[in-house]
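# starting from these lines, generate the structure:
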Amino acid sequence: MSHRQAKENLIPAAFDNGHQQKQSATLILPFLFPTEHHFQPEQAQAEHRKPAAFNVRAKLALTGAMASAASKAESVSNTRPPQYMAQSPQHPQMVLGPNRSSVAAPQKILSSPYGIRLPHHSARLTNNAYVKAFCTASQTSLTTLDVHFRSEQGISAQAVSDIVQVTCPLLQTLNMCSNKLNAEAMSFLVEGNWPRLTSLDLSHNSLDTDAVQVLGEASPWPLVQKLNLSNNKLGSGAIAHLISANWPNLHYLDLRFNQMDMLAVSELVKGKWPEITHLFLGRHIAQDAIHILVKEPTANKIEWPNLQELDLSCNHLNAAAIGKLLQGNWPWLHTLSLWGNALDASATSKLSKGNWPQLKYLDLSANLLDADAMRGLLKYQKWRKLEVLKLSLNKLDVEGFELLAKAEWNSLRELNLSFNQLPWLVSDALKTARWPALQVLDLSQNNFSQADLKLFADGNKMMHADINKLEPLGYWQFPQLHILNLSTTKKHAT
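Residues are numbered from 1 along each chain as shown. Purely as a prediction, here's the structure:
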């Protein structure tokens, strides 16, 4: 059977007239849709915060409504291959991009003489001509402004000056990322009269201590709740100026990809931001700075008492750092990202003691986890509300998986075990697992043979029946399962 015929068999006549099956199921198989995708570890983790978000470069078997959404997406998108777009079953208004990450649903782009005018009172400026036209029109209803110059020189200080002269009394979201902003441009930007501004993105620029000093001294927007300063040149001096700014409503702070040494972290914890709920410190934070970040509560102060999400990815953290991390008193923490560190069995044994009763999302991808590490991770099993567990890019084998299958996580919805060392024998271990809420299971890029994967080759049967009725899925206790990813590259297939 040709690949084309196999694809047609996967999409039955039920697609006609937009008819939708009683239960949607997506099965991703490599031998039906071969691909030359070359995996890159950082690419796999680029967007990993949304449930059911996989880095799969394979065509999807789409059910009725999803196929309809893909068809519409093809007609409006010339930037993404149409075969990689599908409607998200959890969020029908969103569209999944090539790496299954959510992007805005395709909408009609309105023509405008001053750049790209998007729906809902938004505008995007990409060059000086657009800025000039933008400044000549009324912007009294504008709520979102996206300024992204595509030139290598970035945006000029004069262009920033022109933009801030425009009256935008309702502006709430300003995106100035990737414009090579510096201290001079910042001196003009802080003159913007935007009393309702709540979200400010200054990531991927050239901001340094001088630029942040200008921002901190002006403190022009006290209502800002979300501040993104990732991918700049911020060190301890810049952080000292940042905490002096007036940010009483700050909830979200992203400082990833900066120069966060011990001195910088020492300055950061001085910030009077009691409302901080989301803190991102991935990349380039000193390992020894963890104990400063999470020093034990005192009678007068608790560090980040309302913290809900913490990202410490790619910081080479080990067991000693995890031991210090446990001192953080964060009763509301629900998302913890530790991917790309140096966590082993000793680290997971300590991590399992974490007193975070609300934890729902845990990312331990790209570490040094093996069977012993799984034994340590499951030692206490405190996280009864865990919904998403990501263990990709580790060294898990059958023994480690058998230990994992014994975990009692009644709320687990997504389990990612891609890029490990799992043979097909794990299908037997899955028979003992009891995860009644599991919806997404990613076993891609493991040691499965083509013969193993052909157990799932009957696409027509899959589309006309619940995937749990197929062998060996019929023995699995996952009544809610609707996405099973078994894709593999030639390198992994045997």
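# show me what Leu200 is bridged to.
Using DSSP bridges, the beta-bridge partners of Leu200 come out as Leu174, Leu227.
# just checking, it touches Pro222?
No: counting by C-beta atoms under 8 Å, Leu200 does not reach Pro222; the two are 11.9 Å apart. From N, CA and C alone the C-beta is placed, and that goes for glycine too.
# the two - which one has more neighbours?
A direct count of neighbours by other C-beta atoms under 10 Å for Leu200 and Pro222 places Leu200 higher, at 20 against 13.
# identify the residues contacting the more buried one.
Applying C-beta atoms under 8 Å, 6 or more residues apart in numbering to Leu200 gives the contacts Leu174, Met176, Trp221, Val224, Lys226, Leu227, Asn228.
# tell me where the stretch 301-450 of the chain has strands.
Secondary structure of the stretch 301-450 of the chain (DSSP state E, counting those that start in this stretch): strands at 309-311, 335-337, 361-363, 388-390, 414-416, 440-442.
# between the ones you listed, which one is closest to Gln327.
strand 309-311 (13.1 Å; C-beta to C-beta).
# other residues contacting the closest one?
256, 277-282, 328, 330, 333-337.
# want to throw those residues into JSON lines with neighbour count, pLDDT and distance to Ser236?
Shown next, in JSON lines, are the contacts of strand 309-311 (neighbours: other C-beta atoms under 10 Å; pLDDT from 0 to 100; distance: C-beta to C-beta, whole Å):
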{"residue": "Arg256", "neighbour count": "21", "pLDDT": "94", "distance to Ser236": "17"}
{"residue": "Thr277", "neighbour count": "19", "pLDDT": "95", "distance to Ser236": "24"}
{"residue": "His278", "neighbour count": "18", "pLDDT": "96", "distance to Ser236": "22"}
{"residue": "Leu279", "neighbour count": "21", "pLDDT": "95", "distance to Ser236": "17"}
{"residue": "Phe280", "neighbour count": "20", "pLDDT": "95", "distance to Ser236": "18"}
{"residue": "Leu281", "neighbour count": "24", "pLDDT": "92", "distance to Ser236": "14"}
{"residue": "Gly282", "neighbour count": "23", "pLDDT": "84", "distance to Ser236": "18"}
{"residue": "Gly328", "neighbour count": "22", "pLDDT": "82", "distance to Ser236": "21"}
{"residue": "Trp330", "neighbour count": "23", "pLDDT": "88", "distance to Ser236": "24"}
{"residue": "Leu333", "neighbour count": "23", "pLDDT": "96", "distance to Ser236": "26"}
{"residue": "His334", "neighbour count": "21", "pLDDT": "97", "distance to Ser236": "30"}
{"residue": "Thr335", "neighbour count": "19", "pLDDT": "98", "distance to Ser236": "27"}
{"residue": "Leu336", "neighbour count": "22", "pLDDT": "97", "distance to Ser236": "25"}
{"residue": "Ser337", "neighbour count": "23", "pLDDT": "97", "distance to Ser236": "24"}
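# using TSV, lay out the strands of the stretch 301-450 of the chain together with distance to Met260.
TSV is the format used below for the strands of the stretch 301-450 of the chain (distance: least, C-beta to C-beta, whole Å):
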stretch	distance to Met260
strand 309-311	12
strand 335-337	16
strand 361-363	20
strand 388-390	24
strand 414-416	28
strand 440-442	31
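# shaky segments in the stretch 51-200 of the chain?
Applying pLDDT under 70 to the stretch 51-200 of the chain flags residues 51-120.
# helices of that one, start to end?
Ranges of helices in the stretch 51-200 of the chain, per DSSP state H, counting those that start in this stretch, are 64-76, 128-135, 157-164, 183-189.
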